[in-house]
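[1] what would the 3D arrangement of this be:
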Amino acid sequence: MTSSASDPEVFHPHRTSKEDRKRIEKRFKDENDPLEIVIVRDMWLTGFDAPPVHTLYIDKPMQGHNLMQAIARTNRVWADKPGGLVVDYIGTVSYTHLDVYKRQQWHLGKLIQYLNTMELL
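    Residues are numbered from 1 along each chain as shown. Sure, this is the predicted structure:
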């Protein structure tokens, strides 16, 4: 785990260095490694590719690009894996559907405005 000087002493044995975290990342990406679960926060969102990953547990608010990227990584088809599973503990995905709907409505409105300015035959 990452740590700071203000962490309680009970956390100290679990601190990891940058090299430790790189080693864990490499193991997690290896389909033959017995390591099957890693808990991260604000890590591995951009530039992280691990096709074997099949489940994403969301327990904090995420939105926009970060959420879409996380879901896409988990849902990536790979070998015998047809897709992924997103376990959403706080309803983030529901808000995302609403956000997508609002954006679609905005784009549709802009399209209608544009079409109204054209001379149609």
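[2] give me the distance between L111 and M118.
    11 Å (C-beta to C-beta, to the nearest Å). For every residue, glycine as well, the C-beta is placed using N, CA and C.
[3] gap between the residue nearest the centre of the chain and F11?
    By C-alpha atoms, centre = their mean, the chain has its centre lying nearest to A70, at 1.7 Å. Using C-beta to C-beta, A70 is found at 26 Å from F11.
[4] coming back round to it: SS state for the residue nearest to the centre of the chain?
    Assigned by DSSP: H, G, I helix; E, B strand; the rest coil, the conformation of A70 is helix.
[5] you'd agree it is up against T55?
    No. With contact defined as C-beta atoms under 8 Å, A70 does not reach T55; the gap is 11.6 Å.
[6] L111 and M118 - which one has more neighbours?
    Applying other C-beta atoms under 10 Å to L111 and M118 shows that L111 carries more neighbours, namely 10 against 7.
[7] give the helix, strand or coil label for that one.
    Quick answer, by three-state DSSP: L111 is helix.
[8] and Y57, by the same measure?
    Applying three-state DSSP: Y57 is strand.
[9] got a list of what the nearest residue to it once chain neighbours are set aside touches?
    Excluding its sequence neighbours, the residue lying closest to Y57 (C-beta to C-beta, 6 or more residues apart in numbering) is V87, at 4.7 Å. By C-beta atoms under 8 Å, 6 or more residues apart in numbering, the residues touching V87 are T55, L56, Y57, I58.
[10] okay, now S4: neighbour count?
    S4: 7 neighbours (other C-beta under 10 Å).
[11] repeat for R73
    Neighbours around R73, by other C-beta under 10 Å: 17.
[12] the residue lying closest to it once chain neighbours are set aside: neighbour count?
    Nearest-residue entry for R73: V53, 6.4 Å, with adjacent residues in sequence omitted and distances by C-beta to C-beta, 6+ apart. Number of residues near V53 (other C-beta under 10 Å) recorded here: 21.
[13] just say helix, strand or coil for V53.
    Classified using three-state DSSP, V53 is coil.
[14] against N32, how distant is the spatially closest residue to W78 that is not a sequence neighbour?
    In space, not counting the residues next to it along the chain, W78 is nearest to P51; the distance is 3.6 Å by C-beta to C-beta, 6+ apart. Applying C-beta to C-beta, the value for P51 to N32 is 13 Å.
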